[in-house]
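S.K.: Below is the sequence, then the predicted model.
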Amino acid sequence: MSIAEDALRSLRQRGWTLGVAESLTGGAVSAAIVSVPGASASLLGGVVAYATPVKHSLLRVEAALLAAHGPVHREVALQMADGVRSAVSVDERPADVGVSTTGIAGPDSPDGQPVGTVHVAVVTPEDSAAEVYRFAGDREAVRAQAVAAALDLLHRMTRE
């Protein structure tokens, strides 16, 4: 069983819905989730907020936070995960859980942080968590590791 299957099983067991906010992964977390049959029972939708201003306008990340620290920051990841819950609301009911990714896949770093720096976050009705990673490898390797880290954190935060 894949980590995406495990995470979806945990969400279903709790009756929780999911929203996904992605930056450097560009939809790959959502794609991994929808590859699992029955994903529609939990996944409401996803947002690819690749441009920094979209993190503010669509996901409600504080403009002052983005100005002070840029888009690759622990608190940005947490606010993305929280903000996507409302962004994918159905009938004015937000998703129960949000997961997010933000980071620098390379080959260059626009703000001086090391290439491979990735923050993932999950917000649930019970708790929230963010983790930072320094992944090695080329752009695709960093993105693949970011997807795996996001799915792993999602699973750990939603299992009973």
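M.R.: Noted; the coordinates are in hand.
S.K.: List the residues that contact the residue most central in space within the chain.
M.R.: The centroid of the chain falls nearest to residue 100 when counting by Cα atoms, centre = their mean (1.4 Å). For residue 100, the contact set (Cβ atoms under 8 Å, 6 or more residues apart in numbering) comprises 20-23, 77-78, 80-81, 84, 119-122, 150. (Each C-beta comes from the backbone N, C-alpha and C, glycine too.)
S.K.: again with residue 120
M.R.: By Cβ under 8 Å, 6+ apart, the residues touching residue 120 are 77, 99-101, 130-131, 133, 146, 149-150, 153.
S.K.: same thing but at 10 Å, please
M.R.: Residue 120 sits next to 25, 29, 74, 77, 80-81, 99-103, 129-133, 146-154 when contact means Cβ atoms under 10 Å, 6 or more residues apart in numbering.
S.K.: In the chain, where's the longest helix?
M.R.: When the chain is parsed with DSSP state H, its longest helix is helix 139-158.
S.K.: residues of that one that come out buried?
M.R.: Neighbour-count burial for helix 139-158, counted by 16 or more other Cβ atoms under 10 Å, picks out 142-155, 157-158.
S.K.: Which one of those residues is nearest to residue 60?
M.R.: Top of the list for closeness to residue 60, among those and by Cβ to Cβ, is residue 150 at 19.5 Å.
S.K.: Noted, bye for now.
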